[in-house]
Each structure stands twice: as structure tokens, then as C-alpha cells.
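Asks: after the sequence you'll find the predicted model.
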Amino acid sequence: MTSTGSFLIVVGVDGSEYSRAALDWAMDEARQRNGQLRLVTAWNKPPMAWYPAVLETAAGEIAAEESPEQVARARQGEALKTAADGGVAAAGEVVDTPSPASAILDAAKDADLIVVGSRGHGGFPGLHLGSVSTQVVTHAQCPVLVVTRKA
């Protein structure tokens, strides 16, 4: 249990369907335990990229693409709003890292539970367990719940 006495649940948030299901599960658990959430969203700039990217559409219009950091902050904001609307105390972290699993594990050093979706936005949709959830389960210092059903 955390030093504050409140049950702390760390949730990996990436905007995927499984991530939303993990957030829903964690919110239910936090309500039952009078706990709080710590939401973690990781981002990283792809190699050889610069932002904002400006693109020309097929119709000749100019469109600006959001940076990975902007996308991560928007996803984090949506998750924090969902928690607030659900009546659950939540704080968030947006972390610049090539390893989302490390960001979740670092945020969970004083946690009672970690909740992650079984898959995120990775490129292998046939996998039942993605790389981030596998790493979190393997290295966590507290119990981990992996949500396998979409929201």
C-alpha cells in the first residue's frame, strides 16, 4: 500500500481500445477501494522526424500534422477527463521515452496495482499480448492486471 494510505492504481494510457478498457476497469476498482489513479502516457519522436509536419492534401490544401507529444497530451487529457467524469481522483504523467513499459514501471514504484491493456497501437494485431504489457508483467514490483477485452 502507498504511504498515503490510499490504494494507488497505475494505468497505461495510449488511446487504444484496450487502453480505454483498462481505464474503465481501473476506475471501477478505484471506486471500490476508495483509491486513486496515476495515468501514464508515453510518447517518443520517431527518428529522422521533425514537427510540426506540414502536408499538402490531394485537393491542394495545406494540413499540419500533430506531433507525437501533442497526440500523447491529448490522449492523457481525454483519460483524465474520463476519470473525473467517473468520480475518480486521478493524476497524469506524459513521458518522453522510447520505452512505454519503463515509464509505467517507474510510475508504479509506490503503486498497489498496475492495469494495462493487453495490446496497444503496435503493428502485430494477431498477438494476444503486446510488448508493453509483456514487459510490465515480467518486471513489475506489484500485481498487474492485463485487460484483454475491448471497451
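Replies: Looks like it arrived, so ask away. Numbering: from 1, shown residues only.
Asks: okay, CA-based contacts and neighbour counts for the rest of this
Replies: Noted.
Asks: show me where this structure has its helices.
Replies: With DSSP state H, the ranges of helices along the chain come out as 17-33, 68-85, 100-107, 131-139.
Asks: of all those, which lies closest to Ala42?
Replies: Evaluated with CA to CA, those place helix 100-107 nearest to Ala42, the distance being 5.2 Å.
Asks: what is that closest one packed up against?
Replies: Helix 100-107 sits against strand 8-12, strand 36-43, helix 131-139, with contacts defined as 3 or more CA pairs under 8 Å, 6 or more residues apart in numbering; DSSP states H and E.
Asks: adding mean neighbour count, write those out as JSON lines.
Replies: As requested, the helices and strands packed on helix 100-107 are exported to JSON lines (neighbours: other CA atoms under 10 Å):
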{"stretch": "strand 8-12", "mean neighbour count": "28"}
{"stretch": "strand 36-43", "mean neighbour count": "24"}
{"stretch": "helix 131-139", "mean neighbour count": "17"}
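Asks: can you redo those as TSV with mean pLDDT and distance to Leu23?
Replies: Shown next, in TSV, are the helices and strands packed on helix 100-107 (pLDDT from 0 to 100; distance: least, CA to CA, whole Å):
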stretch	mean pLDDT	distance to Leu23
strand 8-12	98	7
strand 36-43	97	9
helix 131-139	94	14
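Asks: can you check which of those gets nearest to Trp25?
Replies: Per CA to CA, nearest to Trp25 of the helices and strands packed on helix 100-107: strand 8-12, 9.7 Å.
Asks: right, I'll call it a day here.
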